[in-house]
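S.K.: Below are the sequence and a predicted model; questions follow.
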Amino acid sequence: MKRTVSCLAMMVALTTAAHAQMANDGIKIGVLTDQSGVFSSLAGAGSVVAANMAVEDFGDKFGVPVQVVSADHQNKADVGTQIARQWYDVEGVDVIVDVPNSSVVLAVQELAREKDRMLIASGSGTAALTNESCSPNGMHWTWDTYAVAVSTGKAMVEQGGDKWFFLTADYAFGHTMQKDVTAVVEGAGAQVVGSVVAPLNTADFSSYLLQAPAAGANVIALANGGTDTINSLKQAQEFGLNQQARLAGLAIFLTDVHSIGLDAAQGLYLTTGFYWDRTEESREWSKRFFDRHGAMPTMAQAGVYSAVTHYLNAIAQTGTDSAAPVIAQMKATPVNDFFAQNGTIREDGRMVHDMYLAQVKTPAESSGPWDYYKILATVPGDEAFRPLSESACPLVKH
Amino acid sequence: MTEINTSHAADTIAFPKGEAAALGMSRTHLVMMVGLVALVAMAPFAFYPLFVVKVLCFALFALSLNLMLGNLGLLSFGHAAYFGLSSYSAAHAAKVMGFTPELAILFGVVVALVVGAVIGALSVRRKGIYFAMVTLAFAQMVYFFSLQARFTGGEDGIQQVPRGQLFGLISLQNDMTLYALVATLFVLGVLALYRITYSPFGHILRSIRDNEGRAISLGYRVNLYKWLAFVLGAGFAGLAGGMKAISFQLASLTDVYWGMSGEVVLMALIGGMNTFFGPIVGAALVVWMQNELASFGAWVTIVQGLVFMVCILAFRKGILGTLGQFLTRKL
């Protein structure tokens, strides 16, 4: 009897000791992404590859397995939260990464808070994640609509774009970007000469686009995304609008340019958080990624690698995988890798790093597939992302 | 899809003749109903409770579609409108207006009923493909309304909906408590739908489906019956949508998208639209596929399409329809 009791006591002691370090015998990283819909090429399977690369490159340093699981949320908020719940509750996933699609990522961030686990968003762009919906358990790594839209706005005003025309997708995403950019360009002394809203999934943009030269614009900003961007860009090219004004894409990814082709996309200005052909390290990593995935990485996919690596480093330093100490460690350590130089994670969860203003090359300038961007300028992180003084995040003390 | 052939007696949802009935059910149906209730009671111990919650919401949604499809032979291709609007209304009521969960769901049902009454009044005059297209058009209007209306939060949806306290007393934060509520509502919904289907009203619906001219000549105001069935279907879809919004604490554009309307038709067809219980089986299968196949990358939609094709080609009566044929019983 005594022996049984002491055995039991020992077992309890052992299991609690193990729990204090690594819960559920290992570290599990869940890549929740879109593998069949509109975000599948900019994030999707490539994000899973990036997470796996990060784990392999990190090596076996914990003595417990580090596992990557992945799922396709099918762009359905209920499917996404269902999977995330099951991951947190049953499968013991410690952190969920990527999650393009704003309705899914906002739900998962809320869930992470409830279950006291972590979310590191990379593919999604909604600025609400670190603004009014911010959470102590969430981080936003790569980009947001504010950063890409506002950086492009500022930089183009500096380059002489002083008469702006907006082609805006008629839903919250488009309206938010137009509002943010308008504030910035007007603050910089430029003028908004006109704007037009087009419904989601418009096929023929001609009547909208042709209002721009009539308004005397020298910058046409495309405050839309996905197929809307692709269609409007192609049609702007067909009407020769890129001869009369500069086109600015407010949310464009490398894979979008790849599918549009340089003929239609040439000359487009955009802001990106990462470009593969920028430094020696980024080229080296991207070539390895290309060998496995068959496409160059987008900023979302590179961000997943950077985020997972930073996460694993924080676990190595704290010796635990429970959320609070790991988050504290991640926020205390600057991010330095091929993706970000001296990136910092703010109290609202925003990872602040430099963004890059780029212009799409002409077919003559390009040496072949994936050689698409000219990096024109670096936008310092402090200028690119929404300053904490304007934040609506309750975690930020003004 | 234009002409849904339901005229073969063996295929119809009609009440089996000559079988001893208890509680207004045939013996087969009684066994199935008891089995269903037992299954619902045991499922959360075998599966992840919230997964079962989702199955139940979609099962009720598919049943609500089949009220029209199975009994009237009218395919509503915009059924997501009532599901989604109710889910938005319930979420808004619980989050912004501070309703308790049962009132929030009730509010969702009322909204679905009202919208269903208006759309139904305008669409039941048409049949076949025209009916499907008219309902789809209205559903697209609801979609664009939801995309742009301020309270829906656009593509972000309504997030952080509180589950709240049932009757202001019982917290639903625990998944099992929530499951108990959803399971109760589901079983009540199924019983009500069963009663409607096999009531005199249901018999008239089937008589209209089989020979509308004859029903008119017998003095039935067929458009009124169709409209009533439409509104009831919308109401039960609303119940499903409201339950889903409270359970998953969100309402999003997925719920009003036309893809959702297509999915619920798929559920009814796979399960067997000429059986009462078929849509439940179809819903469970589709939700299970979406969940299980998610980890295989891009395969979900492909497999879903294949299953649909196999169903259409190999067993058109759906899973329960074919099984019933095999057992020579009406399931």
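M.R.: That came through, no problem. Numbers count the residues shown, from 1 in each chain, chains lettered A, B, ... in the order given.

S.K.: Going by C-alpha atoms from here, please, whenever you check contacts or count neighbours.
M.R.: Fine.

S.K.: Helix or strand next in line after the lowest-mean-pLDDT helix or strand in chain A, which one?
M.R.: Using mean pLDDT, DSSP states H and E, the weakest-scoring helix or strand in chain A turns out to be helix A:2-21, at a mean of 44. The helix or strand immediately downstream of helix A:2-21 is strand A:27-33, counting by DSSP states H and E.

S.K.: quick one, strands of the stretch 251-398 of chain A?
M.R.: With DSSP state E, counting those that start in this stretch as the definition, the stretch 251-398 of chain A shows strands at residue ranges A:269-272, A:344-345, A:351-352, A:355-360, A:373-379.

S.K.: Close to chain A: what parts of chain B are there?
M.R.: B:48, B:50-51, B:147-148, B:153-157, B:159-160, B:248, B:250, B:252, B:254, B:290-291, B:294-299, B:301 (C-alpha under 8 Å from any C-alpha of the partner chain).

S.K.: residue in the stretch 51-200 of chain B nearest to chain A?
M.R.: Using C-alpha to the nearest C-alpha, the closest approach of the stretch 51-200 of chain B to chain A is made by B:D156 at 4.2 Å.

S.K.: neighbours around that residue, how many?
M.R.: When neighbours are counted by other C-alpha atoms under 10 Å in any protein chain shown, B:D156 registers 24.

S.K.: which one is it nearest to, not counting chain neighbours?
M.R.: The shortest distance from B:D156 to any non-neighbouring residue, by C-alpha to C-alpha, 6 or more residues apart in numbering or on different chains, is to A:S103 (4.2 Å).

S.K.: I figured that neighbour hits A:Q74, correct?
M.R.: No. Contact between A:S103 and A:Q74 fails when scored by C-alpha atoms under 8 Å: they sit 11.8 Å apart.

S.K.: thinking again about what came up before, pLDDT wise, what is the residue of the stretch 51-200 of chain B closest to chain A at?
M.R.: We have a pLDDT of 86 for B:D156.

S.K.: you'd agree it is up against A:S124?
M.R.: No. With contact taken as C-alpha under 8 Å, B:D156 and A:S124 are classed as non-touching, separated by 11.2 Å.

S.K.: what do the two both touch?
M.R.: A:S102 (C-alpha atoms under 8 Å, 6 or more residues apart in numbering or on different chains).

S.K.: from the residues of chain B next to chain A, which would you call buried?
M.R.: By the neighbour-count criterion of 16 or more other C-alpha atoms under 10 Å in any protein chain shown, those include these buried positions: B:48, B:50-51, B:147-148, B:153-157, B:159-160, B:248, B:250, B:252, B:254, B:290-291, B:294-295, B:297-299, B:301.

S.K.: Which of these fall within helices?
M.R.: Secondary-structure check on those using DSSP state H: residues within helices are B:L50, B:F51, B:L147, B:Q148, B:F248, B:Q290, B:N291, B:W299, B:T301.

S.K.: Just give me the least confident of those residues.
M.R.: Across these, the smallest pLDDT goes to B:W299, namely 78.

S.K.: and A:D25, how many neighbours does it have?
M.R.: A:D25 is flanked by 14 other residues according to other C-alpha under 10 Å.

S.K.: and B:A121, what is it in contact with?
M.R.: Contacts for B:A121 were tallied using C-alpha under 8 Å, 6+ apart; they are B:W227.

S.K.: ok, which stretches of the stretch 1-150 of chain A are helices?
M.R.: Assigned by DSSP state H, counting those that start in this stretch, the helices in the stretch 1-150 of chain A fall at A:2-21, A:44-58, A:77-89, A:102-115, A:145-158.

S.K.: ugh, typo on my part, it should be the stretch 51-200 of chain B
M.R.: Chain-ordered helices for the stretch 51-200 of chain B, with DSSP H, counting those that start in this stretch as the definition, fall at B:80-95, B:101-123, B:128-148, B:175-197, B:200-210.

S.K.: Out of those helices, which one sits most buried?
M.R.: The highest mean neighbour count among the helices of the stretch 51-200 of chain B, using mean count of other C-alpha atoms under 10 Å in any protein chain shown, belongs to helix B:80-95: a mean of 31.

S.K.: mean confidence for that helix?
M.R.: Mean predicted confidence for helix B:80-95 is 95.

S.K.: Check stretch A:242-261 too.
M.R.: For stretch A:242-261, mean pLDDT is 90.

S.K.: What lies in contact with that stretch?
M.R.: Applying C-alpha under 8 Å, 6+ apart, the set of residues contacting stretch A:242-261 is A:41-42, A:145, A:148-149, A:152, A:161, A:177, A:213, A:217-226, A:229-230, A:234, A:236, A:265, A:267-272, A:297-299, A:369-370, A:372.
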